[in-house]
Every structure is written in C-alpha cells, then in structure tokens.
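> requesting a structural model of the entry that follows:
(one chain, ligands or ions: 2)
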Amino acid sequence: MKKITLVLTLVLSMLSTVSHAGLITITDISATGSYNGNLAVLNNGIVPGEGTGWTNPVNVHWYGTQTFFTFDLGSLYNIDDILLSVDNNDGYAISWSTDLSSFNTLFSIQSYWGNIGNGMDTMSTNSIDPSNIYLSNIEFSTVQARYLRVAATYGDNMNSLGEFQVFGSKAESVPEPSSLAIFALGLIAFAARKIKK
Ligand SMILES: [Ca+2]
Ligand SMILES: [Ca+2]
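Ligands and ions are numbered 1, 2, ... in the order given. As a prediction, the model looks like this:
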C-alpha cells in the first residue's frame, strides 16, 4: 500500500503544478499621448472610491481619444478577469496583445455602464465580486496575452482611469490536464503491477 500512497502523492504534486488564477503583477506601465497624473496610481492596489472626481490625483486623466495606456505583464498569462475604475460617462476599449504590435479587443465599455451616475466607476468581470462592481456586459473568454491596453473611445472628451488590475495564471508550457491524467493512470497501473509481483 505504501507504493500506491507514494504514487498518488507524486500524481497530486504534479497536478498542483498547474497554476491557479490570481492577481497578476504588472511589470511596466507606459502611456502614448498626453495625460495628467502619475502612471503608478494605475496599478497601486488602490481603487478610487465610487463617484470620485475624474481629475482627482488618485486617477490618471486625459482629454480626447488619442492617448492610450499599455500594461506589460512581463510574460504570457492566461487572462481570466479584469477590474478597473474609469470615468462613468465615456466609452473605453480594452485590448490585448502577445507581441506589442497587433492588438485585439478584449472588451469595450459603453458610457454610463456600471452603477455610478457621476465620477469614477469600478467595474469587474468577475462574478464573484460584489454586484455593485461586477458587470456582466464586459465579461470575456480567457485569452493568452502579455500586453493590455486601455484607451478612451468616445464620451465627453474628459477621460480617467484610476486602477487597472489583471487576474489569471501564468501561461507555462505544462502538459494539458488531460495528458497529465493519462500519465497518472499509467503510473498507477505500473505501481499496481509492481505490487502484484
Ligand atoms: Ca489606483
Ligand atoms: Ca468623462
């Protein structure tokens, strides 16, 4: 029986190497175009209170639709969820890239989505989050990406971003869970044969 316990322990430890979703550390934040404020506030763990003024220094604010912000995760991740705080009355586009050259839309925010009538509005794609910040309209299917970009697309020309958090798991070249399971079954069969002898 000892051998079976050993094999099962081994199999369980292999399965646990499949990483789990969590807050991803953003390694670099850059801006293209003009803006006001400190880029560090965009991912400092401080989410502006609901309704905070759009020019408050807890945010970065800008005018027009030519400015965009790029978040570098440092390597490829499977991205499951996003939490962000934006001014309530503008449209925003969030896009993703693996190579920093071609970007694909992850989701778009239309003005007046969310629950806030005036000022900063926190929005999350994670249905586990409280109902006042979870927004089913922006849910997306998991993508594998290294870079994320935020831009304003339309609105009153006065845009603001107060926090941008990314959740997911590191994309490692680990075997698929199904092939791991097949391998585990093989190990168990092998152990069983050994024990019979
Ligand atoms: Ca912040
Ligand atoms: Ca606005």
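> run a quick neighbour tally on residue 26.
Counted with other Cβ atoms under 10 Å, the neighbours of residue 26 add up to 16. For glycine as for every other residue, the C-beta is placed from the backbone atoms N, C-alpha and C.
> one more: residue 109?
Neighbourhood size, residue 109 [other Cβ under 10 Å]: 24.
> skipping adjacent residues, who's closest to it in space?
When the adjacent residues along the chain are set aside, residue 109 lies closest to residue 92, with 4.4 Å between them (Cβ to Cβ, 6 or more residues apart in numbering).
> also residue 85?
Using Cβ to Cβ, 6+ apart and skipping residues adjacent in sequence, the residue nearest residue 85 is residue 162, 3.8 Å away.
> where does the one you found fall, phi/psi-wise?
With angles defined as degrees, to the nearest 10, residue 162 sits at phi -110, psi -20.
> bridged to the residue nearest to residue 109, which residues?
Beta-bridge pairing of residue 92 under DSSP bridges involves residue 109, residue 152.
> what's the answer for the one 4 residues further on, then?
Legend: beta-bridge partners of residue 96 under DSSP bridges are residue 104, residue 148.
> could you do residue 161 as well?
residue 60, residue 86.
> thanks a lot, see you next time.
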